[in-house]
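>>> Sequence plus predicted model, see below.
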Amino acid sequence: MAIRDRKKEIEDKVITVDSAMQGSLSFKEPVHLRINGKFEGTLEVRGVLEIGEEAVVDAAISGDDIEVAGRVKGEVTATKRIHLKEHAVIEGNIKTPSLHINEGAVFQGRCTMLGDIFDTETLARYLEVDLNTILEWANSGKIPAFKESNDWKFERKKIDEWISAGKIG
């Protein structure tokens, strides 16, 4: 599917939350989720997550492309980018390969720039497969991986070569 078609598909799947919610939201397919109210819990979004200027979010957040204009407290992980708009406030650590902070935004925490090394969760999202499948492949040596402490790590370049060689699956 062309990038333009995929972007259009995501734009067609816009979900807006204007009220207070608590719990866990997880999207396996790409969507464009807008949070304009209050949210507590866990957010796992494929596609775009937009946290509006009036939003107050206390959650562990993971997604592809995350834009923040409101208040967020918690860990935020993006596979593509995080953009903190002018009035954004984030209290918590962030992990992303690309970070853009507008003047006026506030960020209190640590930032880890994801680059060429994936953890198991990030690789599962990158390959769009189940986390247990990644662990099975790593433990059996079917995928290029190395251990750091007790955690599996994966080099993007080696993973991309592995995919190109048709060894996935």
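Received the coordinates, thanks.
>>> Tell me the secondary structure at the residue nearest the centre of the chain.
When C-alpha atoms, centre = their mean is applied to the chain, the residue found nearest the centroid is Gly63 (2.5 Å). Secondary structure assignment for Gly63 (DSSP: H, G, I helix; E, B strand; the rest coil): strand.
>>> Who does it form a beta bridge with?
Going by DSSP bridges, Gly63 is paired in beta bridges with Val45, Ala78.
>>> Roughly how far does it sit from Phe27?
Applying C-beta to C-beta, to the nearest Å, the value for Gly63 to Phe27 is 9 Å. (Each C-beta comes from the backbone N, C-alpha and C, glycine too.)
>>> Wait, the residue nearest to the centre of the chain touches Leu43, no?
Yes - between Gly63 and Leu43 there is a contact at 7.1 Å, judged by C-beta atoms under 8 Å.
>>> got any residues that touch both of these two?
Common contacts of Gly63 and Leu43 (C-beta atoms under 8 Å, 6 or more residues apart in numbering): Leu49.
>>> what ranges do the helices span in this structure?
Ranges of helices in the chain, per DSSP state H, are 3-12, 120-127, 131-140, 156-164.
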